[in-house]
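Student: Here is my input; please provide its structure:
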Amino acid sequence: MKLIGITGMPGSGKSAITKLAEKYKITVVSMGDVVRHETSKQGLILNPENVGNTAVKLRELHGKEAIAIPCLNYVNEKYNCEDFVIIEGIRSIYEVNYLKKHAKLDIIAIHSSPKTRFDRLSGRNREDDSNDWNTFVERDERELNFSIGNVIALSDYMVVNEGNYNDFIHDLENTLKNIIKAD
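Tutor: Predicted structure coming up:
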């Protein structure tokens with residue numbers, strides 16, 4: 001099995017991989033869903049502060065690769081017969097290193113400017129998003145403290161998502177096809 005990791009700052013367009021994965025019949029496991037699930041298990045409301053604090057606490061409790069461990073366990077339990085599995089939402093270089101110790105992994109980074117991402121998040125209406133600029137900046141800083149900048153900088157592929165959505169999907173699909181062909 002080969003893992004395809006998707007990384008990028010909040011609102012960059014990481015979740016677009018889900019539609020392409022369906023087309024290519026590739027399973028997607030979301031690291032963000034793991035954190036949101038853990039937040040809900042604690043009886044907390046899903047909002048930027050609670051989800052962010054849960055992510056920080058999980059890393060404090062279980063180490064910097066804390067989110068990768070349950071994700072990889074889940075993948076191995078449910079999808080070990082698959083050729084490819086996409087892990088969406090990798091945020092830490094420690095998670096990358098952990099995953100690379102246990103599986104083949106290519107990383108696709110999706111990049112968008114802060115203004116573009118803020119505009120998207122303001123209109124998305126997910127529980128852990130905010131339409132307040134200061135809250136947005138705090139979330140970015142928390143993500144950067146997880147070392148997501150290192151993951152983006154050291155990714156195997158980069159797809160820019162600033163303009164036309166169809167152009168972005170086309171570029172992302174070509175990147176995905178290249179990874180599949182190379183294996």
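Student: ok, residue 24 - contacts?
Tutor: The contact partners of residue 24, taken as CB atoms under 8 Å, 6 or more residues apart in numbering, are 84, 176, 180. Glycine gets a C-beta too; all of them are placed from N, C-alpha and C.
Student: again, only using 7 Å
Tutor: Residues in contact with residue 24 (CB atoms under 7 Å, 6 or more residues apart in numbering) are residue 176.
Student: Need the pLDDT of it.
Tutor: For residue 24, the pLDDT comes out at 95.
Student: Kindly report the same for residue 180.
Tutor: What the model reports for residue 180 is a pLDDT of 95.
Student: same thing with residue 84?
Tutor: Per the predicted model, pLDDT is 97 at residue 84.
Student: Could you do residue 27 as well?
Tutor: At residue 27, the model reports a pLDDT of 95.
Student: Now do the contacts for it.
Tutor: Contacts of residue 27 (CB under 7 Å, 6+ apart): 79, 82, 85, 86.
Student: for the longest helix seen in the chain, packing partners?
Tutor: Ordering each helix of the chain by length in residues (DSSP state H) puts helix 165-182 first. If contacts are counted by 3 or more CB pairs under 7 Å, 6 or more residues apart in numbering; DSSP states H and E, helix 165-182 sits against helix 17-23, strand 157-160.
Student: Look up the closest residue to residue 81, ignoring the ones flanking it.
Tutor: Leaving out its chain neighbours, the residue that sits closest to residue 81 by CB to CB, 6 or more residues apart in numbering is residue 1, at 7.9 Å.
Student: Now stretch 145-163: buried residues?
Tutor: Using 16 or more other CB atoms under 10 Å as the test for burial, stretch 145-163 gives 146, 147, 148, 151, 152, 155, 157, 159, 161.
Student: Let me have the residues you listed in CSV, adding distance to residue 132 and pLDDT as columns.
Tutor: Below are the buried residues of stretch 145-163 laid out as CSV (distance: CB to CB, whole Å; pLDDT from 0 to 100):
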residue, distance to residue 132, pLDDT
146, 21, 84
147, 25, 91
148, 21, 95
151, 26, 97
152, 24, 97
155, 29, 98
157, 32, 98
159, 28, 98
161, 23, 97
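Student: Tell me the spacing between the residue sitting nearest the centre point of the chain and residue 134.
Tutor: The centre of the chain sits closest to residue 89, judged by CA atoms, centre = their mean, with a distance of 0.9 Å. Note on residue 89: its distance to residue 134, by CB to CB, to the nearest Å, is 23 Å.
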